[in-house]
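In: Model the structure of this input:
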Amino acid sequence: MVSGCTSDWICLIDQITCRQKCRQLSHSLRAHWTSPHIHNILVVPFLNLMQSLVAMSHSPLVFITGATGFVGRETVKRFLAEGWYVRAAVRSKTDSTLEPGERLSIVAAGDIVAVSDWKTLLAGTNVVAHLAARAHQTGESPHASADLFRSVNVDATVRLARQAAVAGVKRFVFVSSAGVIGDFSGRPFTEADQPDPASEYAKSKWQAEQALAGIALETGMELVILRPVLVYGPGNPGNLERLMRLIRTGVPLPFAAIHNRRSLLNVGHLAAIICSAARLPEAAGKTVLLADGNDLSTPELVRAFAEGMGTSARLFAVPPALLLLAARMVGRTRDAERLIGSLQIDVTLKTRLFGAFPREETISGLIEAARKL
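Out: Below you'll find the predicted structure:
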């Protein structure tokens, strides 16, 4: 495992020992520099600096996995904006778009499946925000190798969490998936609904949740589980990106007769929630479904994306049953089900803990995502 360059170790040591060193220097100066002239000219400014550093050392440290991903980049920025020290774990520094700074250190951990010892990287950490995961790949069967999903999303997560507890980490924030509850809903899902994961990805997330709950119970480390729905924002990968590219071609789309409701989640809102979940006392022990709370139909989604790209939403009506039949004939049933079906989340708990998200910001966020395609 690569542990990073010398500057990273200096940053790591500084974050852990800053408070003690500053206090020792302050006490030494107060005890030995008694000359009024020296005190006013040199000691007072220096003590003020030391006091500022001590105050800075009170800022907590978060360890973020998956820090260079679509959600990870926004999460790093949010924690820094709220005054945290951030230690960002990346596969390789050469591939990282992050730049180390005064409160941001970058550590190259490699493939998380291959990491057996996290202790050094976790030293001094208050909170772990675990975002790294293996997601469903484009063109891949939803039932791709269960072993592959388990090795990344379950086994690696468990190793990290156990070592985090040993390292004295107070809270572990785990980004799971709303897919744990199911892929489609006849009514809005709530946290009280029983898990019913369909894909191997969602099954692996549910297995990880159960394992983490056991670790938290055993060790006393606080656990927060977040279950986001489909996340959108500039640079969003996957199905939303493919839909945007399809709209940009100008091809007429047969979605006008679809009257579904889909919950979505703004990437900036998710980053803010992860940051809040790391510090709010009332979030400890909670499992929370996450969405903006402003559900849209597929035609509304297409219109927002089209506006962002400065084009018209060319929609015409085909009965959803015929769309589904045609999709089955070409082996694209799952894609059609996502376009036609509904998946709604009850955001009552999310709103109580983390606040509401205005509908106009959902629309403007979708437009912005398409504009930056």
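In: Low-confidence ranges, the chain, go.
Out: Scanning the chain for pLDDT under 70 picks out the ranges 1-58, 95, 137-144.
In: can you give me the helices for the stretch 101-250 of the chain?
Out: For the stretch 101-250 of the chain, helices defined by DSSP state H, counting those that start in this stretch occupy the ranges 119-122, 146-150, 156-166, 200-219, 239-248.
In: Residues touching the second one, excluding its own?
Out: Put plainly, it is helix 146-150. 134, 200-201, 203-204, 207 (C-beta atoms under 8 Å, 6 or more residues apart in numbering). Backbone N, C-alpha and C define where each C-beta goes, glycine included.
In: Same question for the first one.
Out: Applying C-beta under 8 Å, 6+ apart, the set of residues contacting helix 119-122 from outside is 3, 63, 87, 89, 107, 109, 128, 163-164, 166-167, 169.
In: What does Val62 show for phi and psi?
Out: The phi/psi pair for Val62 (degrees, to the nearest 10) reads phi -110, psi 140.
In: My understanding was that it contacts Ala129; is that so?
Out: Yes. Using C-beta atoms under 8 Å, Val62 makes contact with Ala129 at a distance of 5.7 Å.
In: More neighbours: which of those two?
Out: Taking other C-beta atoms under 10 Å, Val62 and Ala129 do not tie; Ala129 has more neighbours (31 against 27).
In: mind listing what the more buried one touches?
Out: 62-65, 75, 79, 173, 175, 274, 278.
In: Show me these that map onto strands.
Out: 62-65, 173, 175 (DSSP state E).
In: any idea how the protein splits into domains?
Out: 6-56, 59-371 (automatic domain parsing).
In: Return the most buried member of those.
Out: domain 59-371 (a mean of 18; mean count of other C-beta atoms under 10 Å).
In: Any idea how far it is from the middle of the chain?
Out: For domain 59-371, the separation from the chain centroid amounts to 6 Å (computed by C-alpha atoms, centre = their mean, to the nearest Å).
In: Out of the helices of the stretch 101-250 of the chain, flag the one nearest Leu324.
Out: helix 239-248 (16.6 Å; C-beta to C-beta).
In: So what touches the closest one?
Out: Contacts for helix 239-248 (C-beta under 8 Å, 6+ apart): 138, 230, 232, 253, 301-302, 305-306, 309, 311, 313, 335, 338, 369-370, 373.
In: run the last query once more with 7 Å
Out: The contact list for helix 239-248 (C-beta atoms under 7 Å, 6 or more residues apart in numbering) reads 230, 232, 302, 305-306, 309, 311, 338, 370, 373.
In: Looking at the residues you listed, which one is closest to Glu102?
Out: Using C-beta to C-beta, those come closest to Glu102 at Tyr232, 31.4 Å.
In: Surely that closest one touches Leu264?
Out: Yes. Applying C-beta atoms under 7 Å, one finds Tyr232 in contact with Leu264, separated by 5.5 Å.
In: Leaving out chain neighbours, which residue sits closest to Gly101?
Out: Leu80 (7.7 Å; C-beta to C-beta, 6 or more residues apart in numbering).
In: List the residues that contact that neighbour.
Out: 86, 103-104.
In: Could you do Arg91 as well?
Out: Neighbours of Arg91 in contact, by C-beta under 7 Å, 6+ apart: 110-111.
In: for Trp206, same thing?
Out: 180, 195, 197.
In: could you dump these to CSV with distance to Met221?
Out: Converted to CSV, the contacts of Trp206 look like this (distance: C-beta to C-beta, whole Å):
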residue, distance to Met221
Val180, 21
Pro195, 22
Pro197, 25
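In: returning to that earlier point: how much space between the residue nearest to Gly101 and Val86?
Out: 6 Å (C-beta to C-beta, to the nearest Å).
In: what sits in contact with each of these two?
Out: Common neighbours of Leu80 and Val86 (C-beta under 7 Å, 6+ apart) are 103-104.
In: Next, the contact list for the residue lying closest to Gly341 once chain neighbours are set aside, please.
Out: Excluding the flanking residues, the one nearest Gly341 by C-beta to C-beta, 6+ apart is Phe184, at 4.4 Å. Contacts for Phe184 were tallied using C-beta under 7 Å, 6+ apart; they are 337, 341-343.
In: Please determine how far the residue nearest to Val90 when sequence neighbours are not counted is located from Ser185.
Out: Spatial nearest neighbour of Val90, chain neighbours left out: Ser96 (4.4 Å); criterion: C-beta to C-beta, 6+ apart. As defined by C-beta to C-beta, Ser96 lies at a distance of 38 Å from Ser185.
In: residue contacts, the residue nearest to Asn126 when sequence neighbours are not counted?
Out: The spatial neighbour of Asn126 that comes closest, neighbours along the chain excluded (C-beta to C-beta, 6+ apart), is Pro60 at 4.1 Å. Applying C-beta under 7 Å, 6+ apart to Pro60 gives the contacts 84-85, 126-127.
In: Kindly report the same for Gly355.
Out: Contacts of Gly355 (C-beta under 7 Å, 6+ apart): none.
In: what do you get for Lys286?
Out: 224, 353.
In: if you go through this protein in chain order, where are the strands?
Out: Under DSSP E, the chain gives strands at 61-65, 85-90, 104-108, 127-130, 171-175, 222-228, 231-232, 265-266, 287-290.
In: Which elements pack onto the last one?
Out: Other helices and strands packing on strand 287-290, by 3 or more C-beta pairs under 7 Å, 6 or more residues apart in numbering; DSSP states H and E, are strand 222-228, helix 348-354.
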